[in-house]
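Asker: No letters, just coordinates:
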């Protein structure tokens, strides 16, 4: 994983403080920052690359499910689990973006 060369400008919604920091990635790829003033975690939405990757995983899971011999009613496989995680990440990303617009 390549580290960014310069810190990002971040806005803490908790204490209304602007600061610069290097992001840390969460398990699903969200950028996390720590506010130096209030010490709260600030979670930033997914980058476009992660969002595209998650849509590709969901599409591949759907295509595999309908193209395989068992049809759509086959047992759950590993790709389905990844697709479910990708769907959760995209939903969290949607709500994060919606809360940032307010």
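Answerer: Thanks, I have it. In this text the structure is predicted, and so the values were computed from the model without any measurement.

Asker: Show me where this structure has its helices.
Answerer: 48-67, 78-101 (DSSP state H).

Asker: so which of those helices comes closest to residue 38?
Answerer: Residue 38 lies closest to helix 78-101 among the helices of the chain, at 17.4 Å (Cβ to Cβ). In this view, the C-beta of every residue, glycine as well, is placed from N, C-alpha and C.

Asker: Buried residues of that closest one, list them for me.
Answerer: Within helix 78-101, the residues that count as buried by 16 or more other Cβ atoms under 10 Å are 79, 83, 86, 89-90, 92-93.

Asker: which residues of this structure score low on pLDDT?
Answerer: Filtered on pLDDT under 70, the chain yields the residue ranges 1-5, 71-72, 102.

Asker: Closest to residue 46 out of the buried residues of helix 78-101?
Answerer: Nearest to residue 46 among the buried residues of helix 78-101: residue 93, at 4.6 Å, using Cβ to Cβ.

Asker: give the contact list for the residue lying closest to that closest one once chain neighbours are set aside.
Answerer: Leaving aside its chain neighbours, residue 93 sits nearest to residue 46 (4.6 Å; criterion: Cβ to Cβ, 6 or more residues apart in numbering). Contacts for residue 46 (Cβ atoms under 8 Å, 6 or more residues apart in numbering) come out as 28-30, 54, 89-90, 93.

Asker: Outline the domain layout of this protein.
Answerer: Under automatic domain parsing, the residue ranges defining each domain of the chain are 1-44, 47-102.

Asker: Work out the gap between the longest one and the centre of the chain.
Answerer: From the chain centre to the centre of domain 47-102 is a distance of 11 Å (Cα atoms, centre = their mean, to the nearest Å).

Asker: count of neighbours near the closest residue to residue 79 other than its chain neighbours?
Answerer: Setting aside the residues directly before and after it, residue 79 is nearest to residue 61 in space (Cβ to Cβ, 6+ apart), at 4.7 Å. Neighbouring residues of residue 61 were enumerated by other Cβ atoms under 10 Å; the total is 20.

Asker: now swap in the one 4 residues further on and tell me
Answerer: Counted with other Cβ under 10 Å, the burial measure for residue 65 works out to 18 neighbours.
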